[in-house]
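Student: predicted coordinates and the sequence they were generated for:
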Amino acid sequence: MAGVQLQQLAYFVAVAEIRHFTQAAESLGIAQPSLSKQIRTLEKELGASLFSRARGNITLTPAGEILLPLAKRILADVDTARLEVRELAGLVRGRVRLGATPSLCGGLLADVLRRFHDSYPGISLTVEEGGSRDLVRELTRGSLDLALVILPLAEDTPLVTTPILREHLVVAMPSDQRSRRSPMAISDLRDRDLVMFRSGYDLRDSTIAACRQAGFEPRFAVEGGEMDAVLRFVEVGLGIAVVPSMVLAGRPRLRGVPLTLENNSASVTRRELPPPPGLQRTIAIAHRKDVAPTHAARAFRTTLEEFVAEAAREETLPPGVQYLS
């Protein structure tokens with residue numbers, strides 16, 4: 001791709017996303033013939049057609065499908081490099097694109113963002129909230145600089161991760177619901193209606209896997225929600241849900257029951273063993289292996305780690321959250 005220009009890649013991405021040459025040209029502020037000429041030059045350089053124009057419909061060819069994620073990543077990296085050079089003046093300007101799970105966005109992350117903004121008011125902050133799998137995908141594509149994700153990740157994931165927090169999982173249920181307050185085993189969920197997150201949430205995968213390991217398929221009352229929706233569905237009595245304990249803070253209509261994978265007697269006889277999987281999950285801060293974090297991203301990471309360490313010393317971390325020093 002030595003002869004390929006960044007402008008041509010930008011034009012290609014615009015057409016690929018809009019699927020219309022004239023509208024793509026308008027969005028870029030150029031004439032449609034100029035856009036078409038650059039696309040033809042790109043196709044000639046690559047030796048393959050990128051778009052199929054049958055009957056007025058614009059679709060990507062197999063070559064176009066391969067190029068699209070690569071082109072987006074190249075453009076994102078160039079944009080990051082441009083900002084990185086500008087940041088050399090002392091973090092007066094810059095950008096941090098951060099991904100985080102909903103439990104963190106609704107918890108301690110707001111305080112971390114406030115501290116960072118106070119220290120670096122010229123740095124632009126963008127936060128993407130989503131499930132861990134979604135964040136890993138966006139970070140790998142270059143759409144994020146940093147992400148707070150759930151471990152473990154797939155072995156072939158091209159990310160560097162540093163564990164920083166461990167949070168316990170609980171069963172969320174209405175606070176007025178009559179039920180035991182002692183720990184629940186996964187097997188206790190067998191005949192209960194569950195409110196389940198949409199695909200992309202690690203909580204969905206881990207809950208389903210734990211139930212199957214216990215020998216049953218979980219029963220869903222409703223599925224497909226984001227964190228706030230799931231908690232609201234539990235509040236109105238649609239079912240119960242497995243969630244991080246920190247998300248229940250400030251929700252008096254909900255209470256959390258500790259979750260185990262085995263009954264209480266087994267837990268007592270095996271206290272010397274580490275807690276079984278599913279009781280807790282590890283949060284790590286991640287970035288791509290092949291691209292060093294920008295000055296702004298490194299400054300945010302330092303702010304985050306200092307805030308969490310300070311909160312751990314002062315015992316002000318949210319309930320069920322442990323700092324991994």
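Tutor: Good, I have the coordinates. Numbering: from 1, shown residues only.

Student: quick one: what helix or strand has A292 in it?
Tutor: Using DSSP states H and E, A292 is not contained in any helix or strand.

Student: could I get the contacting residues of it?
Tutor: With contact set as Cβ atoms under 8 Å, 6 or more residues apart in numbering, A292 has no partners. For the C-beta atoms, the positions are set from N, CA and C on the backbone; glycine is no exception.

Student: for it, grab phi and psi.
Tutor: As for A292, its main-chain torsions (degrees, to the nearest 10) stand at phi -70, psi 140.

Student: how far away is it from A76?
Tutor: Noted for A292: a distance of 15 Å to A76, by Cβ to Cβ, to the nearest Å.

Student: can you map out the strands along the stretch 51-200 of the chain?
Tutor: Under the criterion DSSP state E, counting those that start in this stretch, the stretch 51-200 of the chain carries strands at the ranges 51-52, 59-60, 94-100, 123-129, 146-151, 159-174, 184-185, 193-197.

Student: what about the fourth one, average pLDDT?
Tutor: Model confidence over strand 123-129 averages 93 on the pLDDT scale.

Student: what comes up buried for that strand?
Tutor: Across strand 123-129, burial judged by 16 or more other Cβ atoms under 10 Å covers 123, 128-129.

Student: can I get the strands of the stretch 51-200 of the chain in JSON lines with distance to A210?
Tutor: Formatted as JSON lines, the strands of the stretch 51-200 of the chain follow (distance: least, Cβ to Cβ, whole Å):
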{"stretch": "strand 51-52", "distance to A210": "45"}
{"stretch": "strand 59-60", "distance to A210": "39"}
{"stretch": "strand 94-100", "distance to A210": "24"}
{"stretch": "strand 123-129", "distance to A210": "24"}
{"stretch": "strand 146-151", "distance to A210": "14"}
{"stretch": "strand 159-174", "distance to A210": "10"}
{"stretch": "strand 184-185", "distance to A210": "10"}
{"stretch": "strand 193-197", "distance to A210": "12"}
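
Student: gap between the spatially most central residue of the chain and R97?
Tutor: The residue at the geometric middle of the chain, judged as the C-alpha nearest the mean C-alpha position with Cα atoms, centre = their mean, is L135 (2.7 Å). In this structure, L135 and R97 are separated by 11 Å, where distance is defined by Cβ to Cβ.

Student: what touches both of those two?
Tutor: Here L135 and R97 share the contacting residues 128, 144, scored by Cβ under 8 Å, 6+ apart.

Student: closest to V13 among the buried residues of strand 123-129?
Tutor: In terms of Cβ to Cβ, no member of the buried residues of strand 123-129 lies closer to V13 than E128, at 19.1 Å.

Student: noted, bye for now.
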